[in-house]
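**Student:** Structure for the following, please:
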Amino acid sequence: MAIPSPAGRSRIHALVTTFVVTFAVAALMRPLLSLVGYPATPSPASAQLRAIDAEVAELVVKPRDFELTSDKALRVRNAIKQGDYATARRIAANVLANSRLQNWQFSPFSDFIAGIVNVNDTVLEAHLNAWVAQDQNDAIPLLIRAQYYCDTAWFERGGNYISAIQASHLASFGRHMAKAYVDVEAALKADDNVPYGFYLKLRVVQATGTQPQMTNAFDSAVAKFPGYYPLYNIMLTTLEPKWGGSVAAMYAFVERHAGHAADYSPLKLLYVTFYRDLLNIASGTCYPNWRDHDRMAQCVGSTMEKIATRQLERQVAGAFQLYDHTDKYQFGVAVQPLLLDMLKTAGAEAYSGGILQLAASSMHSDTQLVEDRPRNTNYVIDNAVSQSWYMKGFYDNAMQKDREALAAVAATQFPTEEEKALAQANIYENIAGTYNKGGQYASMIAYEKAAIALGGPTQYEYLICYGFYRLKDYDEAMRSCSKAIDRDASDLQARYWRGVAYREAGRNDAALADLTAVADAEGPLRAGAAIDLSMIHFNANDVRGALDVLNKYTYLYDPNLTVKSNVAVGYNNRCYAYMQLGELKKALDDCTASLKYGSLPDAFRKQQELLRRLGAHEISG
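**Tutor:** Predicted structure coming up:
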């Protein structure tokens with residue numbers, strides 16, 4: 001069975017450009033510098049830091065009188081790494097005992113266990129091995145180690161199609177997933193009363209097994225926990241055409257489980273999930289048109305006419321009526337990522353906008369920028385409307401709706417103080433993204449810090465060190481990046497920005513280590529990191545070292561693996577290296593190749609110089 005991407009947390013918007021774009025310099029015989037490179041000497045930052053800390057203090061006014069689930073997860077991680085398995089088990093068992101299967105989630109255990117592990121942490125792995133060895137019939141350490149192996153496998157693999165992944169990374173993925181499968185099977189044998197164990201098994205089988213294995217694992221899981229929604233969600237994803245399924249199979253699956261469910265069963269939300277998936281299928285089918293917005297929209301519309309039935313549209317409308325017949329907070333938590341996924345689906349604006357309006361009406365709210373009935377605001381809808389404006393480039397409007405969402409959170413009754421804090425943190429992170437778009441990096445840092453202080457997810461903690469880098473406070477950038485990496489070793493963004501901060505601080509060895517880690521990994525920053533590595537060698541007059549880097553990362557020259565602008569830069573930089581080493585024919589070939597992927601003036605100039613020199617060489621020969 002083909003391998004789908006992991007079911008990670010939904011991201012609302014891209015906060016910072018993931019590809020490092022490069023630009024040409026004026027000198028005839030120099031390679032390209034990266035866009036992020038070599039700004040002026042940093043200025044004193046103490047006043048700037050004090051201002052940021054003051055803004056954070058204003059945003060996080062109320063001190064917490066409860067322990068966050070994420071903090072409990074970190075306590076368990078630290079206890080395991082210190083060999084204190086009794087403490088780790090006591091905390092984990094307490095969280096598990098206080099977790100509930102509620103409509104669309106098993107909370108808070110699902111978030112808790114994901115927060116414990118840190119990928120490729122050999123110390124954590126060694127202690128997990130020791131803990132499991134102490135009692136091989138204890139489901140808790142087995143589940144944690146299975147989660148560790150699963151997350152490490154996905155980090156090694158990345159999210160691309162198999163054809164774009166390095167063979168060594170695929171082999172590592174397979175090894176880690178095989179270990180995860182053994183552990184999750186043992187955990188379920190020890191205790192099959194933990195819903196998350198069945199979900200984790202589905203994730204593992206989805207990645208490495210066959211369709212019959214996946215079906216069998218799903219059937220066993222829903223026989224034990226028929227109301228555990230994530231099981232249905234992951235199975236529906238596996239039936240998508242790109243993973244070997246079909247739209248017809250998806251329809252049959254949804255009808256079998258949602259169609260026969262009680263009128264207001266949580267399973268009715270499968271219709272909305274399915275509609276989201278159909279939009280993704282249509283957008284993927286139309287991907288060749290992505291540069292032309294109108295053609296993309298027309299193609300998505302034409303595809304949806306073929307694959308989305310009128311009956312399904314009625315069923316989607318009916319699913320939103322769950323809002324008045326179930327727990328409103330839980331419904332909002334379940335619907336929010338679906339709305340945001342649809343809003344960010346390329347070419348689907350006409351459809352996602354209609355779904356957003358349908359959701360707003362069902363949830364007794366409004367999508368208007370200035371609402372007629374402001375008392376009926378709903379923070380989930382305000383948040384989605386904000387992101388709709390953000391994706392269209394109307395950042396002032398996005399900010400206005402985010403402010404309204406914050407007011408709605410303040411006026412909403414939440415089940416716990418932690419859940420209220422998490423809702424507020426999510427909006428703070430949105431505002432941080434908007435400040436980033438306006439180049440207001442100090443405020444971006446403050447809002448991201450406030451989001452983390454409230455307990456928000458930390459996968460975008462790198463924005464703090466990125467912001468300090470842009471403010472030219474390299475010491476603080478290095479410190480905050482290191483903090484993010486210590487918390488989450490899979491944060492390649494933080495490692496990249498720490499690498500360039502090291503470079504600016506003149507710490508080339510440390511910069512080379514970080515940038516090499518990024519260039520060696522699967523991820524969208526790898527090409528930029530490889531180019532930056534070559535530039536460090538060039539600027540140290542180590543042309544041979546730069547050439548070795550440029551020859552090592554062959555993905556730089558494949559437009560199917562790397563954006564064309566970086567392919568052009570890779571060829572251009574290698575052209576310069578060959579030129580400096582006197583290998584003029586290789587240099588000319590690379591400059592010519594560079595011009596196929598980008599019109600870089602630097603490459604034009606070097607090409608002309610090389611033609612002149614090679615011509616003179618032939619005449620003299």
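**Student:** measure the nearest residue to Gly439 once chain neighbours are set aside to Ile464 for me?
**Tutor:** Nearest residue to Gly439 in three dimensions, chain neighbours excluded: Arg470, at 7.9 Å (Cβ to Cβ, 6 or more residues apart in numbering). Heads up, the C-betas are built off the backbone N, CA and C, glycines and all. Distance check for Arg470 against Ile464: by Cβ to Cβ, to the nearest Å, it reads 11 Å.
**Student:** So these two - more neighbours on which side?
**Tutor:** Set Arg470 next to Ile464 and count neighbours by other Cβ atoms under 10 Å: Ile464 wins out with 29 against 19.
**Student:** and the nearest residue to Val117 once chain neighbours are set aside, what element?
**Tutor:** What sits nearest to Val117 in space, not counting adjacent residues and going by Cβ to Cβ, 6+ apart, is Tyr148, at 4.3 Å. When elements are assigned from DSSP states H and E, Tyr148 belongs to helix 139-157.
**Student:** How about Gln387?
**Tutor:** Under the assignment given by DSSP H and E, the secondary-structure element containing Gln387 is helix 379-391.
**Student:** so the residue nearest to Val117 sits right up against His127, yeah?
**Tutor:** No: if you go by Cβ atoms under 8 Å, Tyr148 and His127 don't touch, sitting 10.6 Å apart.
**Student:** more crowded one of these two?
**Tutor:** A side-by-side neighbour count of Tyr148 and His127, using other Cβ under 10 Å, places Tyr148 first with 25 against 22.
**Student:** ok, the more buried one - contacts?
**Tutor:** Val117, Val119, Asp121, Leu124, Glu125, Leu128 (Cβ atoms under 8 Å, 6 or more residues apart in numbering).
**Student:** The second one in helix, strand or coil?
**Tutor:** Which is Val119. coil (DSSP: H, G, I helix; E, B strand; the rest coil).
**Student:** is it true that it touches Phe155?
**Tutor:** Yes: with contact taken as Cβ under 8 Å, Val119 and Phe155 are classed as touching, separated by 4.3 Å.
**Student:** any idea how far the one helix or strand Tyr196 maps to is from the chain center?
**Tutor:** In this structure, Tyr196 is located in helix 195-208 according to DSSP H and E. Its chain's average C-alpha position is 20 Å from that of helix 195-208, according to Cα atoms, centre = their mean, to the nearest Å.
**Student:** mind listing what's buried in the very next helix or strand once past it?
**Tutor:** As assigned by DSSP H and E, the chain's next helix or strand after helix 195-208 is helix 211-224. Within helix 211-224, the residues that qualify as buried are Gln211, Met214, Ala217, Phe218, Ala221, Val222, counting by 16 or more other Cβ atoms under 10 Å.
**Student:** Stretch 268-288 too?
**Tutor:** For stretch 268-288, the buried set under the neighbour-count rule, 16+ other Cβ under 10 Å, comprises 268-283, 285-286.
**Student:** now swap in stretch 104-113 and tell me
**Tutor:** Within stretch 104-113, the residues that qualify as buried are Trp104, Gln105, Phe106, Ser107, Pro108, Phe109, Ser110, Asp111, Phe112, Ile113, counting by 16+ other Cβ under 10 Å.
**Student:** tell me which of those residues is nearest to Gly347?
**Tutor:** Trp104 (27.8 Å; Cβ to Cβ).
**Student:** my guess is that closest one meets Leu267, correct?
**Tutor:** No: with contacts defined as Cβ under 8 Å, Trp104 does not count as touching Leu267, sitting 9.6 Å away.
**Student:** and stretch 605-619, what's its mean pLDDT?
**Tutor:** When the per-residue pLDDT values of stretch 605-619 are averaged, the result is 83.
**Student:** residues in contact with that stretch?
**Tutor:** Looking at stretch 605-619 with Cβ under 8 Å, 6+ apart, the contacting residues turn out to be 28-29, 572, 575-576, 579, 584-585, 587-588, 591-592, 595.
**Student:** and if we set it to 7 Å?
**Tutor:** Contacts with stretch 605-619, where a contact means Cβ atoms under 7 Å, 6 or more residues apart in numbering, come from Leu28, Met29, Cys575, Tyr576, Met579, Leu584, Ala587, Leu588, Cys591, Thr592, Leu595.
**Student:** Going along the chain, name the helices of the stretch 1-150 of the chain.
**Tutor:** When secondary structure is read from DSSP state H, counting those that start in this stretch, the stretch 1-150 of the chain shows helices at 46-59, 69-81, 85-97, 109-116, 122-134, 139-157.
**Student:** same deal with the stretch 251-400 of the chain?
**Tutor:** 270-285, 293-307, 310-319, 328-343, 349-362, 379-391, 395-411.
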